[in-house]
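Engineer: Dropping the sequence and predicted coords here.
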Amino acid sequence: MKRLAGLTMAVLCAVWLAGCAAPGGSPGEMEIRTGTIEQITMTEMKSNHDAGLGAIVGGIAGAGLGSLIGAGTGRDVAIAAGAILGAVGGNYAQKQYYDKPQPAQQVYVRLANGVLVAIIQPINPNLFQGQKVFLEGSGQDARVVPRT
């Protein structure tokens, strides 16, 4: 029974640490491009809360509460059931209260090489049509920032 509880905690810790890992690519690697803003439109984007964090915290709390119930095999079952119910409840709570769309802007930038790109990012009131800008990063992490 102690082995099951220890194994459960080890798996939960491993999942939690894996969520902290940096995405692929070399650390510090960033591509910077220049261009001109052609259009800015208002939109929404998903919140920046970490997906799955509610389930992890709920599962750990549920396992902790389950460990307070019973003894022997019944306690092991209570730990497992508490972890499962806590994970489901934590995931539900995160989706209901924290994963609300955030206001954002979609910025269309004509790069110096002629390519038109669209970036969705949090609202930056310092951006306007016709402005010279930098595009920092790539993919989901790309951002449009004013050239100074």
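Structural biologist: Nice, I can see it.

Engineer: Walking through the chain, point out its helices one by one.
Structural biologist: Secondary structure of the chain (DSSP state H): helices at 2-19, 53-66, 73-97.

Engineer: In terms of secondary structure, what does the second one contact?
Structural biologist: If I follow you right, that is helix 53-66. Secondary-structure packing of helix 53-66 (3 or more Cβ pairs under 8 Å, 6 or more residues apart in numbering; DSSP states H and E): helix 2-19, helix 73-97. No exception for glycine: its C-beta is placed from N, CA and C like everyone else's.

Engineer: hey, least reliable of the ones you listed by pLDDT?
Structural biologist: Mean pLDDT is lowest for helix 2-19 among the helices and strands packed on helix 53-66, at a mean of 62.

Engineer: tally of neighbours for A78?
Structural biologist: A78 has 19 neighbouring residues, counting by other Cβ atoms under 10 Å.

Engineer: and what of L135?
Structural biologist: For L135, the neighbour count with other Cβ under 10 Å is 19.

Engineer: From M42, how far out is it?
Structural biologist: Taking Cβ to Cβ, to the nearest Å as the measure, L135 falls 20 Å from M42.
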